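# this is the structure alone, sequence omitted:
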């Protein structure tokens with residue numbers, strides 16, 4: 001149903017866009033540009049190079065990797 005709340009990593013996307021001032025598509029493209037790398041390497045890149053918090057970085061990376069897997 002359309003009224004169901006968003007679950008999983010995507011539930012972080014509105015706050016990521018608001019806090020870091022870039023659309024989620026840009027963050028996803030940045031992660032994809034750094035593939036192939038391990039999950040935690042990508043999280044560390046977002047944290048160290050872009051000042052993203054751990055939970056937000058993990059959500060972006062997890063979503064990209066899951067989407068690319070299917």
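All right, it came through fine. Predicted model, so just to flag it, every value in this text is computed and none were measured.
# ok now the helix ranked longest in the chain, how far from the chain's centre?
Longest helix in the chain by number of residues (criterion: DSSP state H): helix 54-69. In terms of CA atoms, centre = their mean, to the nearest Å, the centre of helix 54-69 is found 5 Å from the chain centre.
# same thing with stretch 50-65?
Relative to the chain's own centre, stretch 50-65 is displaced by 4 Å; criterion: CA atoms, centre = their mean.
# for stretch 34-54, which residues meet the burial criterion?
42, 43, 45, 46, 52 (16 or more other CB atoms under 10 Å). Backbone N, C-alpha and C define where each C-beta goes, glycine included.
# show me the residues you listed that map onto helices.
Per DSSP H, the subset of these in helices is 42, 43, 45, 46.
# secondary structure class for the residue nearest to residue 63 when sequence neighbours are not counted?
Excluding its sequence neighbours, the residue lying closest to residue 63 (CB to CB, 6 or more residues apart in numbering) is residue 9, at 4.0 Å. Reduced to three states with DSSP: H, G, I helix; E, B strand; the rest coil, the structure at residue 9 is helix.
# how many other residues sit next to residue 9?
For residue 9, the count of nearby residues is 20 (other CB atoms under 10 Å).
# likewise for residue 16?
Neighbours of residue 16 using other CB under 10 Å come to 23.
# that one against residue 26, yeah?
No. Residue 16 is beyond contact range of residue 26, at 10.4 Å (criterion: CB atoms under 8 Å).
# got the contact list for the residue most central in space within the chain?
In the chain, the residue lying closest to the centroid (CA atoms, centre = their mean) is residue 60, at 1.0 Å. Applying CB atoms under 8 Å, 6 or more residues apart in numbering to residue 60 gives the contacts 9, 12, 16, 24, 27, 28, 31, 46, 52.
# check what pLDDT it gets.
Residue 60 is assigned 97 on the pLDDT scale.
# how much space separates it from residue 10?
Residue 60 sits at a distance of 10 Å from residue 10 (criterion: CB to CB, to the nearest Å).
# same question, residue 49
23 Å.
# then residue 46?
16 Å.
# residue 27 too?
The value you get for residue 27 to residue 10, if CB to CB is used, is 12 Å.
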